[in-house]
Each structure stands twice: as structure tokens, then as C-alpha cells.
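Engineer: sequence and predicted structure are below.
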Amino acid sequence: MFATKALRQAAAAGHAERTPMIKFLGKRTFPAASSIDHTPHAHPASPSHELPKDFTANSSPSFSAYRQKAQQHGPLGGKSSGTIGAISGHSLGSVAPEKGQFFDRSELPARFRRAPLDLSEIDAIETGGATLVC
């Protein structure tokens, strides 16, 4: 029941020497700080495989300077007051979907809606088909 306690007692009594089941290949070594390359490089999955023009090893801009020019679904930088709420919603135009676009499944034409389930199908699903009678 207390395997760890039994193993410790056996090891203390000298009956058996415990050998770990995991095997390590060698001593851990850490690279020297001088051998690590800290120069910026593009992410391996980037589409262009190159850094932005302003992000070179010679100029070494700060991250905040880079962020002022970066874009992700719109500009990241900008005024401290922000751009949200700077323009009225009315001036942005209608929020109604264009022709052929729908916001909800219930708005789809009848041919694209889900077919309603009848009671026999519901029973077959709930019981896993055990009560299905042909």
C-alpha cells in the first residue's frame, strides 16, 4: 500500500539498491552567453521571411517605435485618446447585411434550413438505436 515507504526502508536497510528506470544521456550543458545569437530574425512561418524595413540589426529600433507603425486589423499605434468612438456610428453606414448575406440561420431560405426531427428519430438518437423497430 505504501510502496514508496517500503522502498525507502529497503534501501535504508541495504537490501537492494534502487536504480532509476529513466536513463540520461549525459551531463546537462548550457550554451555560453557569448555563443547565442541575439540578432533579430524573421519568424520561420512568416509569409515574406524577412524583417520589416525599419527593423534592421544596424538601427535596432525599440519595440514601441515598431508598434507605432505596425498593423493588426488596423493600426496599433495612434493617439492616446484612441480611435474607437472618434467617428459616430451613424456615419459608418448601415449594419444591415448585403443581399445574399445572412447573420443567423433562421434568416436563411427554407431550402438551406435544417429539417425538423420527428419523434422516432429523437428516440433513436437518445437510445442509440436500441429501440428502433423497422
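Structural biologist: Cool, got the structure. Residues are numbered from 1 along each chain as shown.

Engineer: C-alpha only now, for contacts and for neighbours.
Structural biologist: Noted.

Engineer: tell me the pLDDT of D118.
Structural biologist: Looking at D118, its pLDDT reads 91.

Engineer: state the distance from it to I36.
Structural biologist: For D118, the distance to I36 equals 67 Å [Cα to Cα, to the nearest Å].

Engineer: do G89 as well
Structural biologist: If you measure G89 against I36 using Cα to Cα, the figure is 51 Å.

Engineer: now the helices for this structure?
Structural biologist: Along the chain, counting by DSSP state H, helices occupy 3-13, 63-69, 89-92, 119-127.

Engineer: CSV please, covering the ones you listed and showing distance to G26 and mean neighbour count.
Structural biologist: Converted to CSV, the helices of the chain look like this (distance: least, Cα to Cα, whole Å; neighbours: other Cα atoms under 10 Å):
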stretch, distance to G26, mean neighbour count
helix 3-13, 25, 12
helix 63-69, 39, 12
helix 89-92, 65, 8
helix 119-127, 57, 12
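
Engineer: export those helices as a markdown table, with columns for distance to R113.
Structural biologist: Output for these, formatted as a markdown table (distance: least, Cα to Cα, whole Å):
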| stretch | distance to R113 |
| --- | --- |
| helix 3-13 | 61 |
| helix 63-69 | 45 |
| helix 89-92 | 32 |
| helix 119-127 | 18 |
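
Engineer: tell me which of the ones you listed sits nearest to S46.
Structural biologist: Between S46 and the helices of the chain, the shortest separation by Cα to Cα is 16.9 Å, and it involves helix 63-69.

Engineer: pLDDT (mean, whole number) over the closest one?
Structural biologist: Helix 63-69 comes out at a mean pLDDT of 71.

Engineer: dump that helix to PDB, keeping only the CA atoms.
Structural biologist: Output of helix 63-69 as PDB, limited to C-alpha atoms (Å, rounded to 0.1, in the frame of the first residue of the first chain):
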ATOM      1  CA  PHE A  63       9.600  47.800 -29.800                       C
ATOM      2  CA  SER A  64       7.400  50.800 -29.000                       C
ATOM      3  CA  ALA A  65       8.700  52.600 -32.200                       C
ATOM      4  CA  TYR A  66       8.000  49.500 -34.300                       C
ATOM      5  CA  ARG A  67       4.500  49.100 -32.700                       C
ATOM      6  CA  GLN A  68       3.600  52.700 -33.800                       C
ATOM      7  CA  LYS A  69       3.900  51.600 -37.400                       C
END
